[in-house]
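Chemist: Build me a structure from this.
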Amino acid sequence: MKAADLGRLATIPTRSTRRTSGLSVARASIEVVVSDIAQPLHSAPAIAPVPQRRRASTDLLRLLPYLGPYRGRWGVMLLTAFAGLGVTVAIPLMTKAVIDGPVRHQDQHGLWVLGSAALALGLLEAVLWFIRRWLGARATMGVEADIRKELYARLQVLPMSFHRQWQSGQLLSRVMNDLGTIRQFLGFGLLFLVLNTIQIIVVTGILLAMYWPLGVVVLASVLPVTVTIFRFERQFSRLSRLAQDQSGHVATHVEESALGLRVIKSFGREDYVYQRFDERATALYDAEVGKVAVSARFWTLLEVIPNLTLILVLGFGAYAVGHGLVTMGTLVAFITMMLSLVWPIASLGFLLSMMQESMTAADRVAEIFDAPVDITDGPVTTVPRGGHLELRDVGFRFPDAAPDDWALRHVSVTVEPGQTLALVGATGSGKSVLAALFSRLYDVTEGAILLDGRDIRELSLAALRTAVATAFEDPTLFSMSVVENLTLGRGADNPATDDEVRAAVDIAAAQFVYDLPFGLNTRIGEQGMSLSGGQRQRLSLARAILAAPSLLVLDDTLSALDMHTEAEVTVALRRVLTSVTGIVVAHRASTVLLADRVALLQDGTITRIGTHAELLEKAPEYRYLLSADDELDDGCERSCDWEQDTERERLEQLYLEQTDESEEVRRR
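Modeler: So this is what the prediction gives:
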């Protein structure tokens, strides 16, 4: 690597001829105040607050504020719907007028007039239905899009403690399937439920007015329908929630299998994974069949009751016409109007099942909106650029942990600007947890982390995460181009230049990107699975460097690199770290040597701090942790009993004394 290339992002203080690093220049170019660009992420969602008294429909009603921006379309849609309902009711009355008027009196002119009016009503009804469906579709799809955007924004601001407890498939199911269910009900089910209910009430009233004995027969059929509806609601609500949860489990399994396909194939466990999927798919199938069974019984009753009512009306109606109690036109209009109730009554099963599913979906969506956001913006929007880091008696405990189960406790250390601190410790000692605290992926449970003398909780998240960049051990790359992945840490107000991108790639020894089919514009697969582990780590490192932070956190970022590549990256990183404050999580001596000082973590607490040489000399536990490294290998058998160093030192001293005595005897 050329020194000039390294100079783009690194400064060597001992050489005055070297240019100021591109990293420092880029950091200096950042505005002092970071504006909140993505306002939707931090604005309160439109969902209504939780009422004191909850019902089954509570969460669905809480989503009604999302209809506000489309109230004009909804208003016109409702007007056209009610107008269409009026036309639907008017057509049977027009039929009565035709039969009892022109047909009965053989008035051909009147027949043409009333027939033309009936035809016009039919055409008007078709036009009104088209307008209603067009406006309804646009309004409800807009509502769905708005809820989905706010739901996704909510997922972005929810803390890591939330995402640790939720399966990704369950979240995906809520964002896609549940919102689709809600949209279908708002766009179709809700409107028809209201219209059909109004139509049943209005038409029943007209039937009572036309001939009340037959109207009473129709009215009596409503009672068994009502009882059936209440029984159906309780059963279907439970089964609907079960089916939607099972759908989330299936989505989670499919996603995990797709991401872990390489592992599955390498162990030849396709059959095992398929069996697990089959269990989940079967559980989903059983839940859906249970829903269908309940719905089928309900719909059957709703089909049978109107048909039985129709038979009774025909019988009593024929008797009434035969005895001159009603006219033929009235009976035809009565039957026609009653037939217009068959669909509204029969559709109640479908519409109510849709309503139950949408209420369940709304409950699941509201669970995300109602999840507490523990990590919030501070009032200070100024980006800390000095790099002075101080940890004051920091303690951390996961939210779901026991009161005495601390991941970190009593951690105190200070890192001066331009210094690098290495964190060394056994697995589970809290190194990665501590690294996650600097960018507030988690908040400290006790104590404070100060950056340039200010508690990081007082900073806005945008300002803090402009100042802090982290390269994780397990890098995450997205399904977009290489350059888009690299510049992910740079906002639109501070775009990276081509020279900065090139220099970051050189420092991370990621020149392999130039050999990809389209170079930096090559799209890499989901999770970067088309790249090796070392290549993904190098891109993650380049992305962190390119973010131009004041505090650079490297969470064992070089663990997947081979010896020669690691040596090349280490040389370049050593120059970069002179211009930033660095935190390096390390397991190998080669990585530790990047640091000015080393902090030894044991059981979540820093037990020793010093240089690498000092800890090698004075800390046997530190020597043990790095004893597997080739650079420290003395060829001796390794022992884990470093606690017995006192006894070992005594035996060494005794051996030296015996050796001295033997030498003295030989001299004599």
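
Chemist: Which of the three states applies to the nearest residue to residue 554 once chain neighbours are set aside?
Modeler: Leaving aside its chain neighbours, residue 554 sits nearest to residue 584 (4.8 Å; criterion: C-beta to C-beta, 6 or more residues apart in numbering). All C-beta atoms are positioned from the backbone trio N, CA, C, and that covers glycine. In three-state terms, and counting by DSSP: H, G, I helix; E, B strand; the rest coil, residue 584 is strand.

Chemist: check contacts around residue 584.
Modeler: 420-423, 554, 591-592, 594-595 (C-beta atoms under 8 Å, 6 or more residues apart in numbering).

Chemist: So for residue 436, what's the pLDDT?
Modeler: For residue 436, the model assigns a pLDDT of 90.

Chemist: Residue 164 is in contact with that one, correct?
Modeler: No. Applying C-beta atoms under 8 Å as the test, residue 436 and residue 164 come out as separate, 11.4 Å apart.

Chemist: More neighbours: which of those two?
Modeler: Each of residue 436 and residue 164 has its neighbours counted (other C-beta atoms under 10 Å); residue 436 has more, 17 against 11.

Chemist: Check which helices and strands the host helix or strand of that one is in contact with.
Modeler: Taking DSSP states H and E as the criterion, residue 436 maps to helix 431-437. Judged by 3 or more C-beta pairs under 8 Å, 6 or more residues apart in numbering; DSSP states H and E, the packing partners of helix 431-437 are strand 389-396, strand 408-415, strand 420-425, strand 551-555, strand 581-585.

Chemist: can you redo these as a markdown table with distance to residue 466?
Modeler: Formatted as a markdown table, the helices and strands packed on helix 431-437 follow (distance: least, C-beta to C-beta, whole Å):
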| stretch | distance to residue 466 |
| --- | --- |
| strand 389-396 | 15 |
| strand 408-415 | 19 |
| strand 420-425 | 20 |
| strand 551-555 | 10 |
| strand 581-585 | 14 |
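
Chemist: Please parse the chain into its domains.
Modeler: 58-369, 389-609 (automatic domain parsing).

Chemist: in stretch 153-166, what's buried?
Modeler: Within stretch 153-166, the residues that qualify as buried are 153-155, 157-162, 166, counting by 16 or more other C-beta atoms under 10 Å.

Chemist: Okay, now the unreliable bits of the stretch 551-668 of the chain?
Modeler: For the stretch 551-668 of the chain, the stretches with pLDDT under 70 are 628-668.

Chemist: centroid residue for this protein?
Modeler: residue 155 (4.4 Å; C-alpha atoms, centre = their mean).

Chemist: ok, that residue to residue 97 distance?
Modeler: The gap separating residue 155 from residue 97 is 60 Å, by C-beta to C-beta, to the nearest Å.

Chemist: next one: residue 89
Modeler: 13 Å.

Chemist: next one: residue 490
Modeler: Counting by C-beta to C-beta, the gap from residue 490 to residue 97 is 75 Å.

Chemist: Residue 175 too?
Modeler: 54 Å.

Chemist: name the helices or strands packed onto the helix or strand where residue 347 lies?
Modeler: Taking DSSP H and E as the criterion, residue 347 maps to helix 342-369. Using 3+ C-beta pairs under 8 Å, 6+ apart, the elements in contact with helix 342-369 are helix 58-62, helix 108-157, helix 179-184, helix 190-210, helix 222-259, helix 270-322.

Chemist: try it again with 10 Å
Modeler: helix 58-62, helix 108-157, helix 168-173, helix 179-184, helix 190-210, helix 222-259, helix 270-322 (3 or more C-beta pairs under 10 Å, 6 or more residues apart in numbering; DSSP states H and E).

Chemist: Enumerate the positions of the fourth one that are buried.
Modeler: Within helix 179-184, the residues scored as buried using 16+ other C-beta under 10 Å are 179, 181-184.

Chemist: Go through the helices and strands packed on helix 342-369 and name the closest to residue 625.
Modeler: helix 222-259 (32.0 Å; C-beta to C-beta).

Chemist: What is the neighbour count of residue 607?
Modeler: 14.

Chemist: which SS class is it?
Modeler: Going by three-state DSSP: residue 607 is strand.

Chemist: which ones are touching it?
Modeler: 425, 429, 599-601, 619, 621-622 (C-beta atoms under 10 Å, 6 or more residues apart in numbering).

Chemist: out of those, who's nearest residue 192?
Modeler: Nearest to residue 192 among those, with distances taken as C-beta to C-beta, is residue 429, at 61.4 Å.

Chemist: quick revisit: mean neighbour count, the domains of the chain: which tops it?
Modeler: domain 389-609 (a mean of 19; mean count of other C-beta atoms under 10 Å).

Chemist: measure that one end to end?
Modeler: End-to-end distance for domain 389-609, by C-alpha to C-alpha, to the nearest Å: 15 Å.

Chemist: follow-up on the earlier one: identify the farthest-apart pair in the buried residues of stretch 153-166.
Modeler: It's 153 and 161 that sit farthest apart of those, by C-beta to C-beta, at 18.3 Å.

Chemist: any idea how far residue 537 lies from residue 75?
Modeler: Residue 537 is 57 Å from residue 75, by C-beta to C-beta.

Chemist: And for residue 147?
Modeler: 20 Å.

Chemist: got it, and residue 433?
Modeler: Distance from residue 433 to residue 75, by C-beta to C-beta: 54 Å.

Chemist: Tell me which residues touch the closest residue to residue 129 other than its chain neighbours, please.
Modeler: Spatial nearest neighbour of residue 129, chain neighbours left out: residue 84 (5.7 Å); criterion: C-beta to C-beta, 6+ apart. Shown in contact with residue 84 (C-beta under 10 Å, 6+ apart): 124-132, 195.

Chemist: which residues touch the nearest residue to residue 250 once chain neighbours are set aside?
Modeler: Spatial nearest neighbour of residue 250, chain neighbours left out: residue 280 (5.0 Å); criterion: C-beta to C-beta, 6+ apart. By C-beta under 10 Å, 6+ apart, the residues touching residue 280 are 169, 246-254.

Chemist: quick one: which of those residues is nearest to residue 405?
Modeler: For those, the nearest to residue 405 is residue 252 (26.9 Å; C-beta to C-beta).

Chemist: which ones are touching the closest one?
Modeler: 166-173, 280.

Chemist: Let's see that with 6 Å instead.
Modeler: 167, 169 (C-beta atoms under 6 Å, 6 or more residues apart in numbering).

Chemist: separation between it and residue 525?
Modeler: On the measure of C-beta to C-beta, residue 252 and residue 525 end up 21 Å apart.

Chemist: And residue 479, by the same measure?
Modeler: Taken as C-beta to C-beta, the span from residue 479 to residue 525 is 6 Å.

Chemist: what does residue 245 give?
Modeler: Distance, residue 245 to residue 525, by C-beta to C-beta: 30 Å.

Chemist: Residue 122 now?
Modeler: Taken as C-beta to C-beta, the span from residue 122 to residue 525 is 57 Å.

Chemist: Repeat that for residue 202.
Modeler: 59 Å.

Chemist: Next: residue 445.
Modeler: Counting by C-beta to C-beta, the gap from residue 445 to residue 525 is 38 Å.

Chemist: same deal with residue 251?
Modeler: Taken as C-beta to C-beta, the span from residue 251 to residue 525 is 20 Å.

Chemist: And stretch 49-60, what's buried?
Modeler: Neighbour-count burial for stretch 49-60 [16+ other C-beta under 10 Å]: 58-60.

Chemist: Mind putting those into TSV with distance to residue 113?
Modeler: Shown next, in TSV, are these (distance: C-beta to C-beta, whole Å):
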residue	distance to residue 113
58	53
59	53
60	48
